[in-house]
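S.K.: Generate coordinates for the sequence data below:
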Amino acid sequence: QVQLVESGGGLVQAGGSLRLSCADSGRTFSSHAMGWFRQAPGKERELVAAISRSGGNTYYADSVKGRFTISRVNAKNTVYLQMNSLKPEDTAVYYCAASTIAGTPRGVYDYDYWGQGTQVTVSS
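M.R.: You can find the predicted model right below:
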């Protein structure tokens, strides 16, 4: 059973930083690739970053490359998203998700389990 709980969202000024965490209470965390998605009002859910099961491979959307870093600690069943140099356009609900597909899955439908989401708001 995979249960994902995100934390770390909040309100931050443009240029600031936040670190999101996603903890899995199950026992199969290391067997799942993990992704961070975001969804802004009126927009589709989009992949921000993904990380492979071991953490050896990562993927970033062009819009966050160089600013965001995804990482995981399998011993803690936790995946992180460090967000630096935040912009107002990063404002969205951020979701973590788990996939049984190897590598760094890119599509929304590649992911089987989802957290409840955490709001990130960046003020200008």
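
S.K.: helices or strands up against the helix or strand containing Q82?
M.R.: Element membership for Q82 (DSSP states H and E) is strand 78-83. The contact analysis (3 or more C-beta pairs under 8 Å, 6 or more residues apart in numbering; DSSP states H and E) places strand 78-83 against strand 18-24, strand 33-39, strand 46-51, strand 68-73, strand 92-99. The way it works is simple: take the backbone N, C-alpha and C, and place the C-beta from them, glycine included.

S.K.: how about 10 Å then?
M.R.: In terms of contacts (3 or more C-beta pairs under 10 Å, 6 or more residues apart in numbering; DSSP states H and E), strand 78-83 is packed against strand 4-7, strand 18-24, strand 33-39, strand 46-51, strand 68-73, strand 92-99, strand 118-123.

S.K.: who does the shortest one pair up with?
M.R.: Strand 4-7 has the following strand partners under DSSP bridges: strand 18-24 (antiparallel).

S.K.: got the buried residues for the partner strand?
M.R.: 18, 20-24 (16 or more other C-beta atoms under 10 Å).

S.K.: nearest spatial neighbour of T69, skipping sequence neighbours?
M.R.: In space, T69 comes closest to Q82 once its chain neighbours are excluded; the distance is 4.4 Å by C-beta to C-beta, 6 or more residues apart in numbering.

S.K.: Nearest residue to the middle of the protein?
M.R.: Nearest to the mean C-alpha position of the chain, counting by C-alpha atoms, centre = their mean, stands W36 at 2.1 Å.

S.K.: ok so, going back, these two touch, right, the residue nearest to T69 and T58?
M.R.: No - with contact defined as C-beta atoms under 10 Å, Q82 does not count as touching T58 (12.0 Å).

S.K.: shared neighbours of these two, which are they?
M.R.: Here Q82 and T58 share the contacting residues 49, 69-71, scored by C-beta atoms under 10 Å, 6 or more residues apart in numbering.

S.K.: which residues touch H32?
M.R.: Listed by C-beta under 10 Å, 6+ apart, the contact partners of H32 are 2, 4, 24, 26, 52-53, 72, 74, 79, 97-101, 105, 111-113.
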